[in-house]
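A.B. asks: the following comprises the amino acid sequence and a computationally predicted model.
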Amino acid sequence: MVARQSAGSILYASVSFQLPEPDEADVALTTMPDDLPEPEDPSLRNDSWGALMDRRVVDLATTDDGHRMGYWIRLSTDLDDDPTTHVCALTFMSDSAPFRSGRATHPEFTNDERDRTRFVGASLDHSMWFHRPSLATDWHWFDTRSHGLANGRGLVTGDVVTRSGVHSFTLAQQILLRRNRHVD
């Protein structure tokens, strides 16, 4: 599929579908962090997108491979029961999580509100692998991590787990990230 805007293409989508297969093996190695606060925790910063999407910012302890951060995210609008609708909504939600982890790798990242204007960027490549069904209207933990920055680009991967602990999908996103030269 190709989406076009103005004089050129802005999106190429390659999608693969699979019918459910009965299999006795269902192994999930991804789990929730032990120190993860609940999405209703009043200490979490509300970074929601109006009436469309609820998003709570979470900073976890620094690990050996860098600072871990993520979001609790859910759609706050009514959706029908069609699983395809929820997959589309989860895909939309997934684009709102990777940038903060990518920015955190930058030497000028300060982990405060000014970082949102200090940097400019865009999604370049975005891939998702759906493992188990989930509802976009339920809270999902987006555990994202940066793999570094080079030449104005970064790579972020993440595991997305439902509040009940089901590993719903995995994402990978290449981002464009530049220092905004018009902001101090």
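C.D. replies: Everything's here; your move. Numbers count the residues shown, from 1 in each chain.
A.B. asks: got the contact list for the residue positioned nearest the centre of the chain?
C.D. replies: Centroid-nearest residue in the chain: residue 97, 3.0 Å away (criterion: Cα atoms, centre = their mean). Residue 97 makes contact with 70-71, 73, 142, 144, 158, 171, according to Cβ atoms under 8 Å, 6 or more residues apart in numbering. Every residue, glycine included, has its C-beta placed from N, CA and C.
A.B. asks: list the ones among the residues you listed that fall in helices.
C.D. replies: Among the contacts of residue 97, none falls in helices (DSSP state H).
A.B. asks: just the closest of the residues you listed to residue 101, please.
C.D. replies: Lowest distance from residue 101 to the contacts of residue 97 (Cβ to Cβ) belongs to residue 144, with 4.2 Å.
A.B. asks: which one is the closest one nearest to, not counting chain neighbours?
C.D. replies: Distances taken as Cβ to Cβ, 6 or more residues apart in numbering put residue 158 closest to residue 144, at 3.7 Å, once the chain neighbours are dropped.
A.B. asks: need the contact list for that neighbour.
C.D. replies: Each residue near residue 158 by Cβ under 8 Å, 6+ apart is listed here: 70, 94, 97-98, 101, 142-145, 170-172.
A.B. asks: follow-up on the earlier one: from residue 160, how far off is the residue nearest to the centre of the chain?
C.D. replies: As judged by Cβ to Cβ, to the nearest Å, residue 97 and residue 160 stand 8 Å apart.
A.B. asks: joint contacts of those two?
C.D. replies: Common neighbours of residue 97 and residue 160, using Cβ under 8 Å, 6+ apart, are 142, 171.
A.B. asks: helices along this protein, start to end?
C.D. replies: Under DSSP H, the chain gives helices at 83-94, 98-104, 115-118.
A.B. asks: just so I know, which of those helices lies nearest residue 129?
C.D. replies: helix 83-94 (11.0 Å).
A.B. asks: what packs against the closest one?
C.D. replies: strand 66-75, strand 119-130, strand 140-150, strand 153-162, strand 167-179 (3 or more Cβ pairs under 8 Å, 6 or more residues apart in numbering; DSSP states H and E).
A.B. asks: flag the shaky bits of this structure, pLDDT-wise.
C.D. replies: Residue ranges of the chain with pLDDT under 70: 61-68, 184.
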